[in-house]
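1. just to be clear, the model below is a prediction. Sequence and coordinates:
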Amino acid sequence: MHTVELLDEAMDLARKLGYDVRLEAVEGHAGSCVVAGRKLLFVDVAASPAERLETVLEALGEEVGTNAQPDAWTTSPTLRRLVGQRAA
């Protein structure tokens, strides 16, 4: 699976998990946070697809560490594996 396809799949999953995914020029300050109870995920539009994917994977890995059940996610095995590596 190509990086761009994985990125699209990962961003879709983040949205399903309640993240407001924002593609913005954040100059190296990409990542997730919670503001007033809203989960935000800032993805640097100037970053490479691989760097953007890593940002989203880190946020999804944090979800696994808190309350999400990756085995129940309707995602590709590749994405589940990559998220699982971030949660370990």
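-> Perfect, I can see it now.
2. and the helix or strand harbouring residue 56, what does it pack against?
-> Element membership for residue 56 (DSSP states H and E) is helix 49-66. Using 3 or more Cβ pairs under 8 Å, 6 or more residues apart in numbering; DSSP states H and E, the elements in contact with helix 49-66 are helix 3-16, strand 31-35, strand 38-44, helix 77-87. C-betas here are computed from N, CA, C, even on glycine.
3. let's see that with 10 Å instead.
-> When contacts are defined as 3 or more Cβ pairs under 10 Å, 6 or more residues apart in numbering; DSSP states H and E, helix 49-66 sits against helix 3-16, strand 19-24, strand 31-35, strand 38-44, helix 77-87.
4. of all those, which one is nearest residue 62?
-> strand 31-35 (6.6 Å; Cβ to Cβ).
5. which residues touch that closest one?
-> Contact partners of strand 31-35, identified using Cβ atoms under 10 Å, 6 or more residues apart in numbering, comprise 14, 19-21, 39-44, 55-56, 58-60, 62-63.
6. restricted to buried residues, select those in ChimeraX.
-> To isolate the buried ones among the contacts of strand 31-35 in ChimeraX, judged by 16 or more other Cβ atoms under 10 Å, type:
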select :14,19,21,39,41,42,43,44,55,56,58,59,60,62,63
